[in-house]
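# Next input, structure requested:
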Amino acid sequence: MSEKEKNKAAEEKFSKAENCREEASEKEGKEKQAEKEKKPEEKKGSEKKAAAEEKKEADAKKEAKKDPKDEQIAKLKDQLMRQMAEFDNFRKRTEKEKASMYDMGAVDVIKKLLPIVDNFERGLALLTDDEKKLPFADGMEKVYRQTVKMLSDLGVEPIEAVGKTFDPDRHNAVMHCEDDSVGDNTVVQELEKGYTYHDTVVRYSMVKVAN
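Numbers count the residues shown, from 1 in each chain. Now for the predicted structure:
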């Protein structure tokens, strides 16, 4: 190998070594920079943790130094809230019982009035056309209409029956018949009118049902 080639090889070797040193130096610089960037975050996290610990200790000291009067006030406040809740429950229960008693009393009165309405309807149905023109018949009809309106205002309504499908919750079947002109289980005649009070049955309709 000539002297020139030897010098060229040495220069290439030196250049490669220099590049390796530069790469190693650059890598070391990046690692140091990353370490510097990481330290503030760790420091910040440790500061937050220390602050939380200090707050916890302060709260514990505050709890330990709590004034007995504050404890007594909190106790009395709790008792007051409990008594208010109990009173509210008592009020609601009393109102419910009063409403129930009113409904029970109203139903009893309605049941006693319904036979009177029945008698008015039977009497008016038997009148002839000439009798209906008499003042007495006119007075009976006015009293009947007034009674029916009063019951309606109280929430009393007649139960629909004729032509309706038999409903055991509203109808009381006392007779059955064969009738091909209507569908099965259809009410064909109402023997006694039924009534509801606020959607509660106070008297079932007495009906004849087609099979």
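# where in the chain is pLDDT low?
Per-residue confidence for the chain (pLDDT under 70) gives these ranges: 1-20, 22, 24-25, 29, 32, 34-47, 60-67.
# quick one, strands of it?
Taking DSSP state E as the test, the strands found in the chain are 156-158, 171-177, 186-192, 195-197, 200-203, 205-210.
# which residues are contacting the first one?
Which is strand 156-158. With C-beta atoms under 8 Å, 6 or more residues apart in numbering as the test, strand 156-158 has contacts from Ile110, Lys193, Gly194, Tyr195, Thr196, Tyr197, Val202. Any C-beta I mention is one placed from the backbone N, CA and C, and that applies to glycine too.
# From Asn185, how far off is the spatially most central residue of the chain?
Note on the chain: the residue nearest the mean C-alpha position is Lys92, at 18.2 Å, using C-alpha atoms, centre = their mean. Relative to Asn185, Lys92 is positioned 43 Å away (C-beta to C-beta, to the nearest Å).
# before we move on, what about Arg93?
In this view, Arg93 and Asn185 are 43 Å apart by C-beta to C-beta.
# more neighbours, these two?
Neighbours per residue, other C-beta atoms under 10 Å: of Arg93 and Asn185, the larger number sits with Asn185, 14 against 10.
# Would you confirm that that one contacts Asn211?
Yes: counting by C-beta atoms under 8 Å, Asn185 sits close enough to Asn211 to count as a contact (7.5 Å).
# Go through the strands of the chain and pick out the most buried.
Compared across those, strand 205-210 shows the largest average neighbour count, a mean of 21 (mean count of other C-beta atoms under 10 Å).
# Would you mind pulling up the elements that that strand packs against?
strand 171-177, strand 186-192 (3 or more C-beta pairs under 8 Å, 6 or more residues apart in numbering; DSSP states H and E).
# And the helices in this structure?
3-64, 68-126, 129-132, 135-153 (DSSP state H).
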